Structures are given as C-alpha cells and as structure tokens.
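A.B. asks: What would the 3D arrangement of this be:
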Amino acid sequence: MLKLINLSKTFGEFTAVDNLNLQINRGDLFGFLGPNGAGKTTTIKMITGLYNISKGSILVDDIDISGNPIISKNKIGYIPDQPFLYDKLTGKEFLYFSGGLYQIAKKELKDKIDHLIDLLKIGDWLDKRTEDYSQGMRQRITIASAFLHDPELIIIDEPMVGLDPQSAVIVKQVLKQKAREGCTIFMSTHSLNVVEEICNRVGIINYGKLIYDVSIDELKQMQKEHNHNIEELFIALTQS
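C.D. replies: The predicted structure is shown next:
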C-alpha cells in the first residue's frame with residue numbers, strides 16, 4: 001500500500017532522511033520509531049506532500065505521489081502531532097467543512113459524521129467552539145476529520161500527545177479497528193508501550209537511516225534474547 005524507494009531528503013548539507021526503503025502492506029499497523037531528530041517527521045511530511053522529495057520516490061497504492069499528487073492525497077488521511085482547527089468553528093462545523101473539501105455529498109457526509117461521533121465518543125461537546133477544547137478533544141476531532149473520506153492509508157504523527165487515559169484508549173481501539181478493516185496505518189510515535197500494544201510491525205530510524213524493520217513478534221523475541229523491556233531495547237539499538 002505504501003512504498004518508499006531510495007527516499008532521501010536534504011536541507012543544504014544536512015541529510016535528514018538517507019536512502020530509505022520500506023514497504024507497508026494493506027492492513028498493517030506500522031509503528032515508526034526513532035530518537036528526536038532521526039527523520040520520522042521529515043519522512044511523514046514527504047509522504048503527505050508537505051515536503052518535496054530530494055531523491056527517490058513514494059508510491060501510495062502503486063501511484064507515484066510526485067506525478068499524481070491529487071489522486072494519491074485522496075487516499076491518505078493525515079493526523080499531525082499538533083491538531084490544527086479553526087477556533088471559531090464548532091467541532092461539527094469543522095467536520096462539515098473538512099468533508100466539503102473532499103466534495104462528499106451532504107447526506108453521505110451527515111451519515112459519516114454521525115458514525116464518527118459514535119465511534120470516537122465526541123457527541124457531548126461537538127457543538128462547542130473548538131477554542132474551548134482540551135488537547136484530547138482537539139485530537140479526536142482531527143482524527144474524525146481524517147477519517148471522513150475513508151482513506152486507505154492513515155498517516156499519524158504522535159497520536160497520543162496530550163491525551164487523557166480515556167481518550168488514549170478510544171484512539172487505540174479505533175486504530176486497531178481500522179487496521180482490521182483493511183486500512184493501512186503508518187504511525188510515528190515516542191510511545192513505545194503503544195507500539196508494543198497495537199502494532200503488528202515496527203521500523204526504527206536513526207540518523208535518517210532505517211536500521212530495523214521487524215514484526216512485533218520478532219521485536220518481542222529480541223527483548224527476550226537481550227533480557228530487555230522495549231524501552232531498554234530501543235535505547236540499545238539506537239545507541240549501537
């Protein structure tokens with residue numbers, strides 16, 4: 001579903017992403033790990049079209065995003081690390097605005113919003129202005145807007161930032177459900193316990209290079225062999 005082929009990004013003399021090769025299959029819930037400055041967010045911004053590619057290519061469902069940006073972006077739902085909402089709109093108004101950008105018919109859009117209200121438990125405060133929302137509320141509205149057009153690929157940068165325990169549980173349940181339905185999820189995070197809990201594959205990037213790409217079962221086997229928990233193993237792998 002997602003292929004990164006010899007992907008690189010440079011800023012002047014600095015190489016942020018260095019010859020990255022990765023294939024994420026349909027239905028994968030892929031955890032993308034790495035220390036600060038390793039290249040995670042830069043990779044995400046190239047996939048979503050926010051950064052130009054310095055070298056290589058990105059395919060979404062075998063469509064090159066550089067040659068067909070509109071078609072490929074219609075297949076992607078993007079959830080950034082800092083939710084951006086229009087503060088003077090209510091949550092419901094923001095969702096209708098977002099659906100309009102994808103030209104979703106009004107009746108269909110209403111049905112989708114009603115479904116997402118129930119799925120993400122956002123009905124109690126949907127008619128309040130988003131300027132009054134907590135971080136968890138803002139994150140759930142952003143997730144709902146990313147799901148409106150039924151994307152085949154969901155790109156998430158730090159989904160658990162600022163979430164209270166209840167919101168975190170809901171978001172994890174929704175992500176697992178979407179993966180079971182065949183949606184591909186590419187999730188960058190520092191929350192190692194979340195990766196261990198919900199992901200089926202894990203990639204680790206360090207200094208712009210992919211140093212590991214393993215199944216979650218292989219990662220757990222590595223933990224046993226080295227007698228490490230996931231935090232200790234991550235530190236050992238990225239330091240070495």
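
A.B. asks: which intervals of the protein have sub-threshold pLDDT?
C.D. replies: 240 (pLDDT under 70).

A.B. asks: Centre-most residue in it?
C.D. replies: residue 156 (1.5 Å; Cα atoms, centre = their mean).

A.B. asks: After the strand or helix carrying it, which helix or strand is next?
C.D. replies: According to DSSP states H and E, residue 156 maps onto strand 153-157. With elements assigned by DSSP H and E, the helix or strand that comes after strand 153-157 is helix 165-180.

A.B. asks: Give me the angle between that next one and strand 153-157.
C.D. replies: With axes from the mean of the first three to the mean of the last three Cα atoms, to 10 degrees applied, the angle from helix 165-180 to strand 153-157 works out at 150 degrees.

A.B. asks: Could you give the separation of helix 165-180 from the chain centroid?
C.D. replies: Relative to the centre of its chain, helix 165-180 is centred 13 Å away, using Cα atoms, centre = their mean, to the nearest Å.

A.B. asks: List the contacts of it.
C.D. replies: Contact partners of helix 165-180, identified using Cβ atoms under 8 Å, 6 or more residues apart in numbering, comprise 27-29, 119-121, 136-137, 139-140, 143, 147, 154, 156, 159-160, 163, 185, 187, 194, 197-198, 200. Just so you know, the C-beta spots here come from the backbone N, C-alpha and C atoms, and that holds for glycine as well.

A.B. asks: run the last query once more with 6 Å
C.D. replies: Helix 165-180 has contacts (Cβ atoms under 6 Å, 6 or more residues apart in numbering) with 27, 29, 121, 136, 159, 160, 185, 198.

A.B. asks: Please tell me how far the fifth one sits from residue 63.
C.D. replies: Distance check for residue 159 against residue 63: by Cβ to Cβ, to the nearest Å, it reads 25 Å.

A.B. asks: what's the answer for the fourth one, then?
C.D. replies: To residue 63, residue 136 is 34 Å away according to Cβ to Cβ.

A.B. asks: who has more neighbours, these two?
C.D. replies: Neighbours per residue (other Cβ atoms under 10 Å) separate residue 136 from residue 63, with residue 136 holding more: 20 against 15.

A.B. asks: Which of the helices or strands spans the more buried one?
C.D. replies: helix 135-147.

A.B. asks: can you list contacts of that helix?
C.D. replies: 77, 79, 83, 85, 91, 95, 98, 116, 120, 122, 162-164, 167.

A.B. asks: where exactly do the strands run in the chain?
C.D. replies: 2-11, 14-24, 29-33, 55-60, 63-64, 76-79, 153-157, 184-188, 201-206, 209-215 (DSSP state E).

A.B. asks: Distance to residue 236 for those - can I get that in TSV?
C.D. replies: Output for the strands of the chain, formatted as TSV (distance: least, Cβ to Cβ, whole Å):
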stretch	distance to residue 236
strand 2-11	25
strand 14-24	22
strand 29-33	13
strand 55-60	29
strand 63-64	37
strand 76-79	30
strand 153-157	25
strand 184-188	21
strand 201-206	11
strand 209-215	11
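
A.B. asks: Great, nothing more from me.
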